[in-house]
Every structure is written in structure tokens, then in C-alpha cells.
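In: Can you look at this prediction? I've put the sequence above it.
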Amino acid sequence: MKTFLTLGMIATIFLASCQSTLHNDVDAMTSQWKTYVYEDTGFSMKYPADWRVQHATAAEQDTVDMIATFSEPDAAEWSQTITLYDRGFVDPASWDDVEKSNYPAYRQRSDSTFEYDGRTDPPTHILHVNHSNNVDGVDVVVTVTSGAQWKERMEPLIQTIFATAHFE
């Protein structure tokens with residue numbers, strides 16, 4: 001019993017250390033980045049300082065709940081983007097097996113976030129972040145309309161952006 005408790009304590013300390021290291025790595029990688037804050041809900045995420053940001057027009061906000069679009073400075077006009085959408089709270093437990101089978105890349109990241117690929121070619125990669133108030137939620141959508149290699153090249157950067165996405 002004593003050995004079991006000792007192993008459990010070691011595992012807990014190890015996992016806490018890994019999470020702390022990951023958090024420190026993301027902080028170090030993003031220290032020179034800008035922070036985007038969506039004032040309506042308190043959602044924020046970091047993005048590279050040289051990227052372009054285009055805020056959604058009133059019409060885009062009204063029709064498709066768009067918040068803003070981000071792209072590399074040298075990217076063809078919005079051919080590779082990360083777009084934020086104000087989607088509201090989405091309960092991942094409410095997704096039935098049929099819906100999850102339509103998104104084979106679906107995976108839950110935490111109690112408040114899940115990730116999946118949309119049905120496009122190439123697939124649209126989406127991170128959904130829920131607010132703890134069970135009302136607000138934001139989709140962080142990666143779209144590649146030209147050059148599928150962009151997503152592969154950018155995957156580590158995209159995952160870093162995803163790691164910074166949260167509600168204040």
C-alpha cells in the first residue's frame with residue numbers, strides 16, 4: 001500500500017512538471033507575439049506579431065458570426081487563414097456517434113475544448129473553446145484554400161496558437 005501511494009505521488013509530481021514545462025514552452029515561444037482579445041466575451045489568443053488581422057464587418061458578424069481573420073504577411077490574399085467565429089457554447093457530450101463519425105479527427109482536448117476537422121478538401125481544422133459560463137464559445141478555424149503543404153508546415157505554429165486560446 002505504501003509503495004502504491006509513493007508511486008502515485010511520483011506520477012502526480014511528474015505530470016505537474018510536464019504541464020508546467022509545456023506552459024513555459026508556450027510562454028517562451030509566444031513572448032514576442034501579439035494578443036487578440038474579443039471584448040464581447042473575453043476570449044483571447046496569441047498570434048505572431050507580423051501577421052495581418054482583419055476584423056469582421058458588421059455584415060459578416062451578423063450573417064456568419066465571424067469575429068476576425070488572421071494570416072501570414074506574405075500569404076496570398078486570405079488563401080491560408082485562421083478565422084474566429086462566435087459560435088456560443090457547444091456541449092461535446094451532446095454530439096452523437098453519427099455526428100462524431102462525420103468528423104473522424106474529433107478529439108476532446110479538455111473539459112472546455114475539443115478539436116475536429118471539417119468536411120472540406122483539404123480538411124478545415126477547428127478548435128472549439130467553451131467559456132465556463134456555459135453560454136459563450138468560439139471556433140478557431142484553420143482554412144487552407146491553396147497549398148495543402150501550408151497546413152503541414154504550420155501545424156506546430158497552429159497548435160501553439162490553439163494552446164493560447166482561452167477565455168479570461
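Out: Alright, I've got the coordinates.

In: Spatially, what comes nearest to residue 136 if we skip its sequence neighbours?
Out: residue 41 (4.3 Å; CB to CB, 6 or more residues apart in numbering). To be clear about C-beta, it is placed using only N, CA and C from the backbone, and glycine gets the same treatment.

In: What is the neighbour count of that neighbour?
Out: Residue 41 has 19 neighbours, counted by other CB atoms under 10 Å.

In: Next, it: phi, psi?
Out: The phi and psi values for residue 41, taken as degrees, to the nearest 10, are phi -120, psi -10.

In: Enumerate every residue touching it.
Out: If you count contacts by CB atoms under 8 Å, 6 or more residues apart in numbering, residue 41 has them with 86, 131, 136, 138, 167.

In: Let's see if you can find the most crowded of the residues you listed.
Out: Tallying neighbours with other CB under 10 Å puts residue 138 at the head of the contacts of residue 41, with 26 neighbours.

In: Run through the protein and note the low-pLDDT ranges.
Out: 1-23, 75-79, 96-102, 104, 120-123, 145-152 (pLDDT under 70).

In: quick one: the strands in this protein?
Out: 34-38, 43-47, 52-55, 66-71, 80-86, 107-108, 113-117, 125-130, 137-144, 166-167 (DSSP state E).

In: before we move on, back to that, kindly provide the distance from the residue nearest to residue 136 to residue 88.
Out: For residue 41, the distance to residue 88 equals 9 Å [CB to CB, to the nearest Å].

In: what touches both of those two?
Out: Going by CB under 8 Å, 6+ apart, residues that sit against residue 41 and also against residue 88 are residue 136.

In: picking up where we left off before, make JSON lines from the strands of the chain and add distance to residue 28 to it.
Out: Listed next are those as JSON lines, based on distance: least, CB to CB, whole Å:
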{"stretch": "strand 34-38", "distance to residue 28": "15"}
{"stretch": "strand 43-47", "distance to residue 28": "12"}
{"stretch": "strand 52-55", "distance to residue 28": "23"}
{"stretch": "strand 66-71", "distance to residue 28": "21"}
{"stretch": "strand 80-86", "distance to residue 28": "21"}
{"stretch": "strand 107-108", "distance to residue 28": "26"}
{"stretch": "strand 113-117", "distance to residue 28": "22"}
{"stretch": "strand 125-130", "distance to residue 28": "21"}
{"stretch": "strand 137-144", "distance to residue 28": "21"}
{"stretch": "strand 166-167", "distance to residue 28": "18"}
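
In: Indicate which one of these is closest to residue 160.
Out: strand 43-47 (8.0 Å; CB to CB).

In: Mind listing residues that contact that closest one?
Out: Under the contact criterion CB under 8 Å, 6+ apart, strand 43-47 has outside partners 30, 33-38, 53, 70, 82, 84, 129, 131, 136, 138, 140, 161, 164-168.
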